[in-house]
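Engineer: Dropping the sequence and predicted coords here.
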Amino acid sequence: MITNFFIPELNNHDAQELRFQQDGATCHTARATIDLLKDTFGDRLISRFGPVNWPPRSCDLRPLDYFLWGYVKSSVYANKPQTLDHLEDNIRRVIADIRPQMLEKVIENWTSRLDNIRASLGSPMPEIIFKM
């Protein structure tokens with residue numbers, strides 16, 4: 001998927017400043033996968049074995065985990081797609097409909113989360129903070 005779809009699609013866009021972040025799932029961190037992503041993103045790879053090592057089990061710090069995947073999933077399945085084509089259309093539509101204002105709020109929330117982690121000197125957060 002990375003070789004046949006993702007990288008060719010990435011080449012259609014100005015991606016010089018993009019960072020790539022992935023979770024620590026074993027299938028995502030195989031040596032061949034990490035090497036391919038390092039070749040593509042260099043020091044802009046955030047991954048378990050990448051140049052920027054993302055802390056494990058830190059879902060409260062990753063906007064993709066605490067916001068995006070849940071938002072996309074609930075929106076994609078809202079009309080109960082019955083075919084793979086319908087599901088793919090829903091995914092494309094939901095992603096395309098994400099507006100900069102929504103992402104700005106996510107980043108503001110993320111900054112607030114980081115401030116709380118700093119204030120607690122890295123201790124676990126006492127509660128999940130949702131602001132949308």
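Structural biologist: Okay, I see it.

Engineer: hmm, which helix or strand of the protein has the shakiest average pLDDT?
Structural biologist: Of all the helices and strands that make up the chain, helix 63 has the lowest average by mean pLDDT, DSSP states H and E, namely a mean of 74.

Engineer: Return the distance of the next helix or strand along the chain from that helix from the chain's centre.
Structural biologist: The helix or strand immediately downstream of helix 63 is helix 69-76, counting by DSSP states H and E. With CA atoms, centre = their mean, to the nearest Å as the basis, helix 69-76 stands 13 Å off its chain's centre.

Engineer: in helix 69-76, what counts as buried?
Structural biologist: Val72, Ser75, Val76 (16 or more other CB atoms under 10 Å). C-beta: built from backbone N, CA, C; applies to glycine.

Engineer: do stretch 9-22 as well
Structural biologist: Phe20, Gln21, Gln22.

Engineer: The protein: helices as residue ranges?
Structural biologist: Counting by DSSP state H, one finds helices in the chain at the ranges 7-10, 31-41, 63, 69-76, 84-96, 100-119.

Engineer: between the buried residues of stretch 9-22, which is nearest Asp97?
Structural biologist: Of all the buried residues of stretch 9-22, Asp97 sits closest to Gln21, with 21.4 Å by CB to CB.

Engineer: residues contacting that closest one?
Structural biologist: Taking CB atoms under 8 Å, 6 or more residues apart in numbering, we find Gln21 in contact with Ile46, Ser47, Trp54, Arg62, Leu64.

Engineer: I'd like the distance between Trp110 and Ser74.
Structural biologist: 20 Å (CB to CB, to the nearest Å).

Engineer: Name the spans of this protein whose pLDDT lies under the cut-off.
Structural biologist: For the chain, residues meeting the criterion pLDDT under 70 lie at 23-24, 54-61, 122-132.

Engineer: Same list (the buried residues of helix 69-76) but as JSON lines, adding distance to Pro8.
Structural biologist: Formatted as JSON lines, those follow (distance: CB to CB, whole Å):
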{"residue": "Val72", "distance to Pro8": "22"}
{"residue": "Ser75", "distance to Pro8": "26"}
{"residue": "Val76", "distance to Pro8": "23"}
